[in-house]
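A.B. asks: coordinates only, no sequence provided:
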């Protein structure tokens, strides 16, 4: 029995020494890495690069959305709007209802805005309607 205790003690000592050596190695090189000025500069460069890429992506997304809006408005203007008062009223009610529905479910904000734009184009007093939109429609 005494030889197995010695073996387990030796194994525990070796494992303890290896673990302690590994932890010391990790602490030493972590400290060396953190205090290295080139490493800090590389971190700053990478951070700036990522921020710039995120900004460019947001700008590209904004440009894409603006282009979609322009195309949708141009298409709506090409389609034309009704001239008859009864057709105009029905068209207005249809577009407002469709815009509110799309606005409620939030699936396509550009399409919802286009519906409100179409309704605005046929409304006889656009400024009044814009004031109503400001109060009732989310930005």
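C.D. replies: Alright, I've got the coordinates. Values in this document were obtained by computation on a predicted structure and should not be read as measured data.
A.B. asks: in the host helix or strand of residue 87, what counts as buried?
C.D. replies: Using DSSP states H and E, residue 87 sits in helix 85-105. Buried residues in helix 85-105, counting neighbours by 16 or more other CB atoms under 10 Å, are found at 88, 91-92, 95-96, 98-99, 102-103. C-beta coordinates here come from the backbone N, C-alpha and C atoms, glycine included.
A.B. asks: what's near enough to touch residue 5?
C.D. replies: Going by CB atoms under 8 Å, 6 or more residues apart in numbering, residue 5 touches no other residue.
A.B. asks: what about the helix or strand it falls within, distance to the chain center?
C.D. replies: Counting by DSSP H and E, the element that carries residue 5 is helix 2-35. The chain centre lies 46 Å from the centre of helix 2-35; the measure is CA atoms, centre = their mean, to the nearest Å.
A.B. asks: next one: the residue most central in space within the chain from residue 50, what distance?
C.D. replies: Nearest residue to the geometric centre of the chain (CA atoms, centre = their mean): residue 58, 8.1 Å. Relative to residue 50, residue 58 is positioned 13 Å away (CB to CB, to the nearest Å).
A.B. asks: list the helices and strands the least confident helix or strand in the chain by mean pLDDT packs on?
C.D. replies: The least trusted helix or strand in the chain, going by mean pLDDT, DSSP states H and E, turns out to be helix 126-136, with a mean of 79. In terms of contacts (3 or more CB pairs under 8 Å, 6 or more residues apart in numbering; DSSP states H and E), helix 126-136 is packed against helix 109-122.
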